[in-house]
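Undergrad: output the structure for:
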Amino acid sequence: MIRSIATILLAALSLQAAAATPEWKPEKAIEIIVGVTPGGPNDTTARMIQKILQDKRMIAVPVSVSNRPGANNALAWLYLNQHQGDAHFVAMTLPNIVTNRITGSHELSVADVTPLAQLNSEAIVFSVKTDSAIKTGGDLIARLKTNPASISIAFSNIGSANHVGAGLVMKAAGLDIKKIKFVAFKGASEAVTALLGGHVDVVASSASTVTPQLQAGAFRMIAVAAPKRLAANPNVPTWREQGINASFSNWRGMIGPKGMTAAQIAWWDDLLGKLVRTDEWIKEVTQFGWEAEYLNSADSRKFLERQHDELKVVMGELGLAK
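TA: Numbers count the residues shown, from 1 in each chain. Next comes the predicted model:
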């Protein structure tokens, strides 16, 4: 009798363990797809994930990162969906997964992919070369009010958070954004290179994008589009401190291809939930001055749907919606 009870208990425990274990696991290499050129924050986030997964041996298969820039990240997501239902392929996201459809630059939308996670966010900053005559955010606005086309403002991708953030600042300053010379690049690193070469006057970007140039003395940060000053750059005033009531941040996440199964989503939920709790992830996020804002797959989908509704209104006001 005792043996029978023990047998039943062992069987029950085995069933519970099986239920707790995801039904899917990767059988080949994982590819993390990035829709911008190497070097920017979205690319950096992908390579952080790759390194942590491999260094801590969190999965038993290799992990690679591939860059497929173009069409405001849509080329990367179209490539992702060539592997429909295959959870070995995932891609990084940023606001373009929402804004592309709003601006009319591409038809692909959140409904065409599988949201997996929101990972981090970062305030948008405005930087110039150190030898620029533009010393403050106020200087920039004054120059633009005198001649809106006299200053070129660079960022990564049309409809990106950097584009929206720059537009919000200019609108809050009372400027006609349709007259401002905005210049879009395929990635943040290309925008930075253009500023270094003197081809543009200002770059709107995530703070970590320009940190190396700031440390080298090549760039000067003139304003941050955040509610308060950044801990990593405490001497840089916010736009609000300079009389412009505007703030906006850049967020980053991960998606899978359309058609993923519940078991595949559960595996990624489990893996990413563990990854964002590692000391290595927390250290890196803190070091870059990012905000850790993890959401699982279900909450990520809700977040993206809210972002679409909110950004559609904002971008309509900025004249960016089609």
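
Undergrad: and this structure, what are its domains?
TA: The chain is divided into the following domains under automatic domain parsing: 27-121+250-317, 122-249.

Undergrad: what average pLDDT does the last one get?
TA: For domain 122-249, the mean per-residue pLDDT is 93.

Undergrad: all helices for the stretch 151-300 of the chain, in order.
TA: Counting by DSSP state H, counting those that start in this stretch, the stretch 151-300 of the chain has these helices, from start to end: 161-172, 188-196, 207-216, 262-275, 279-287, 297-317.

Undergrad: let's have those in JSON lines, adding mean neighbour count and distance to residue 39.
TA: In short, each C-beta sits where N, CA and C put it, glycine included. Formatted as JSON lines, those follow (neighbours: other CB atoms under 10 Å; distance: least, CB to CB, whole Å):
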{"stretch": "helix 161-172", "mean neighbour count": "25", "distance to residue 39": "15"}
{"stretch": "helix 188-196", "mean neighbour count": "21", "distance to residue 39": "4"}
{"stretch": "helix 207-216", "mean neighbour count": "18", "distance to residue 39": "8"}
{"stretch": "helix 262-275", "mean neighbour count": "18", "distance to residue 39": "22"}
{"stretch": "helix 279-287", "mean neighbour count": "14", "distance to residue 39": "16"}
{"stretch": "helix 297-317", "mean neighbour count": "16", "distance to residue 39": "25"}
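
Undergrad: among the ones you listed, which comes closest to residue 90?
TA: Taking CB to CB, helix 262-275 is the member of the helices of the stretch 151-300 of the chain nearest to residue 90, at 7.3 Å.

Undergrad: by contact count, what packs against that closest one?
TA: helix 41-55, strand 114-129, strand 249-256, helix 297-317 (3 or more CB pairs under 8 Å, 6 or more residues apart in numbering; DSSP states H and E).

Undergrad: closest to residue 278 out of those?
TA: Nearest of the helices and strands packed on helix 262-275 (CB to CB): helix 41-55, 5.9 Å.

Undergrad: C-alpha coordinates for the closest one, CSV please?
TA: C-alpha atoms of helix 41-55 as CSV (Å, rounded to 0.1, in the frame of the first residue of the first chain):
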residue,chain,number,x,y,z
PRO,A,41,21.9,51.1,-28.6
ASN,A,42,19.6,48.6,-30.3
ASP,A,43,22.6,46.7,-31.7
THR,A,44,24.3,47.0,-28.3
THR,A,45,21.3,45.6,-26.6
ALA,A,46,21.2,42.6,-28.9
ARG,A,47,24.9,41.9,-28.4
MET,A,48,24.5,42.2,-24.6
ILE,A,49,21.8,39.5,-24.8
GLN,A,50,24.0,37.3,-27.0
LYS,A,51,27.0,37.6,-24.6
ILE,A,52,25.1,36.9,-21.5
LEU,A,53,23.3,33.9,-22.9
GLN,A,54,26.6,32.5,-24.1
ASP,A,55,28.8,33.4,-21.1
